[in-house]
Each structure stands twice: as C-alpha cells, then as structure tokens.
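Asker: model the structure of this input:
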Amino acid sequence: MKLPSLLICVAAWGACAASQAACLTDAQTADLVIQYIARAPAANPEGQSEADAACSRAKINALLERRLGPVIGYKAGLTSPAVQKRFNYDQPVWGKLYQGMVLASGATVDAAFGARPLFEADMLVRVRSAAINQARTPIEVLDAIDQVIPFIELPDLVVQAPPKLDGPAISAINVGARLGVAGKPIPVPATRAERYAMLTELRDMNVVVSEGFGFELGRGKGSDILDHPLNAVVWLAQALAKEGLAMKPGELISLGSFSPLLPPKPGLKVSVRYDGLAGAAPVSVQFK
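Answerer: Got it, this is the predicted structure:
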C-alpha cells in the first residue's frame, strides 16, 4: 500500500475509533456521579455525538437511580432560543428527575447546592394520562395533564469547564438536573373553552424573575419555549419514544427555561411570577 493511502486509512480508522469511543466509559461515568454526589466539578464529556450522549446519559442515569431513588419525571432542556444560543445547539435535550429533587416553594437552599449551581424560571406539568405520549399539539398535552405548576429550577452544570459544554454534553450530564422548588399547582380546567383559554394564557404569559418581590433579574414569555410551552412535552414524547421510554401518570415534566440562567448567592431570595396566567401564585426560593 502506498504511503498516502496508508495515511488516509489510518486517519479514517482514528476518526471512526474516536466516534465509537466517545460514550463515557464505566470508569468515567462512575467518576462523574461521584463528583455529582460530592457537589464537586467533574471532567467535561467531550467529542460526543447525539448517540454517544444518549449512551453516556443512560449510564449516568443508571447510577443516579441507585443513589437518588426512583425517577419522578423528566426535564426538557435547551427549549428556548436564548439557551440554545448559549450552548451552540439548535434542538432540545432531555434528562430524568429523581426522588427528592422537587422541593416546596419557600424552601431555603444552600447557594452551593451543586458544583456549578444556577437558577432559572421554569414550569412543571403533572401527567394525568399515558395518552400524553401520543400528544402532537398543545391541546392534546393539556388533555393529558391535570396540573400546571410554577417552578424555579435549580440546575447544576456539574463540570469543570461549563463554557465548553455543547448540546450533546448537556444531554450526557442528564441536563444538569439537581433541584427545584414547586409552587401552588393550577388545576387544568374541565371545559373545552376553559382549556383553550389556558392554552392562550400559557403562550402569552410574561414570566418575571425578581429578587424577592422587587428588583427584576430577568423575564421571558410563554412562547419563548418552542412557540408554546406545552410543545416541550410534544417534543419530549417523541424523544423518549425513540429510546423505548414513555411518560407515566403522576410524573412531573419540567418544560425548560423562560429566563436567563443565573448564579445563586447566599442571602438572595428569588421569586418568579407568571403574569397573565389565571390562578398562578408566585413561587420562591431562599439561598443561604
């Protein structure tokens, strides 16, 4: 074989081997979970394709479930243009929520609750029916849930170098799921007309993040999440189906960020209100 041909073969083999080796090894997975539990920065997953990220996330989820307990739902991430731009990725990703991750509104949380702690305005919905897995429109999602819940997510970017994270790496680290505080649930109304009114309110609401109930820290609109926040559930149903998974009645689904990702500080009290959404009370968290 001529030298140029040999070099081409070697280069191609190297690229192929690298692409096949990018799923985190068992040792890398164990180390990341150990660091996660210790709230210490872990090594960045690098060079991950979407398939690699799914493989890595599955390994991490298996270890997290042993440490944290049962899955209580899922979170969609990178569902808004601003967050996608931050991580240079043009589509959502998903992770799992575990027992103990969702606290009550007003909870006091250590400002160093993770290795790379942040907070953001979010929202939960609670699954009523397995029909949610076939939902293809926001109204079909609304028909399959029984509660909409104000939510401040407290994600943790986990790694040593967060600026190097991209979409697949975010997916690999379970989308940074760590904690969150949930407010007063809003029941999904019974009549069709009331449900369509709620759909409009969810799309058009203004979500405002404040320090206490005063200085504004950030804001967004309902439509910032995939044009309608319930489209995050439509996307999630299809993404889970590709991996043989499905949402179950009683599970909670986090829809993504309406606001910038912000760092917590000791002594900071954060509240989020949902202007224009009938029945929505503010949700709050205090950092110590």
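
Asker: my read: Val125 touches Ile253, true?
Answerer: Yes. Assessed by Cβ atoms under 8 Å, Val125 is found in contact with Ile253 at 5.1 Å. (Glycine included, C-beta is placed from N, CA and C.)

Asker: between these two, what contacts are shared?
Answerer: Here Val125 and Ile253 have Val233 as joint contacts, going by Cβ atoms under 8 Å, 6 or more residues apart in numbering.

Asker: these two: which has the busier surroundings?
Answerer: Taking neighbours as other Cβ atoms under 10 Å, Val125 and Ile253 compare with Val125 leading, 30 against 25.

Asker: for the more buried one, which non-adjacent residue is spatially closest?
Answerer: Excluding its sequence neighbours, the residue lying closest to Val125 (Cβ to Cβ, 6 or more residues apart in numbering) is Ile145, at 4.6 Å.

Asker: could you check the pLDDT of that neighbour?
Answerer: Looking at Ile145, its pLDDT stands at 98.

Asker: one more: the one 10 residues further on?
Answerer: The model reports Pro155 with a pLDDT of 98.

Asker: what sits against the nearest residue to Pro81 once chain neighbours are set aside?
Answerer: With Cβ to Cβ, 6+ apart as the criterion, Pro81 has its nearest non-adjacent residue at 7.2 Å, and that residue is Asp224. Neighbour list for Asp224: Ser80, Pro81, Ala82, Phe258 [criterion: Cβ under 8 Å, 6+ apart].

Asker: please tell me how far Asp224 sits from Val71.
Answerer: As defined by Cβ to Cβ, to the nearest Å, Asp224 lies at a distance of 27 Å from Val71.

Asker: and the end-to-end length of stretch 254-262?
Answerer: End-to-end distance for stretch 254-262, by Cα to Cα, to the nearest Å: 18 Å.

Asker: rewinding a little: return the member of the contacts of Asp224 nearest to Ile149.
Answerer: Using Cβ to Cβ, Phe258 is the member of the contacts of Asp224 that lies nearest Ile149, at 13.7 Å.

Asker: doesn't Lys221 make contact with that closest one?
Answerer: Yes. Between Phe258 and Lys221 there is a contact at 7.3 Å, judged by Cβ under 8 Å.

Asker: these two - which one has more neighbours?
Answerer: The residue with more neighbours, out of Phe258 and Lys221, is Phe258; 29 against 16, by other Cβ under 10 Å.

Asker: can you tell me how far the more buried one sits from Leu165?
Answerer: 20 Å.

Asker: what about the closest residue in space to Ile173 that isn't next to it in sequence, neighbour count?
Answerer: Leaving aside its sequence neighbours, Ile173 sits nearest to Val158 (Cβ to Cβ, 6+ apart; 5.0 Å). Other residues within reach of Val158, judged by other Cβ under 10 Å, total 31.

Asker: and what of Val285?
Answerer: Residues lying near Val285 (other Cβ under 10 Å) number 24.

Asker: overlap in contacts, Phe258 and Lys221.
Answerer: Common neighbours of Phe258 and Lys221, counting by Cβ under 8 Å, 6+ apart, are Val207.

Asker: quick one: the strands in the stretch 151-288 of the chain?
Answerer: Per DSSP state E, counting those that start in this stretch, the stretch 151-288 of the chain carries strands over the ranges 179-182, 186-187, 206-211, 216-221, 252-254, 269-275, 283-287.

Asker: just the buried positions in the last one, please.
Answerer: Under the neighbour-count criterion of 16 or more other Cβ atoms under 10 Å, strand 283-287 has Val283, Ser284, Val285, Gln286, Phe287 buried.

Asker: check the third one too.
Answerer: Applying a neighbour-count criterion of 16+ other Cβ under 10 Å, the buried positions in strand 206-211 are Val207, Val208, Val209, Ser210.

Asker: lovely, talk soon.
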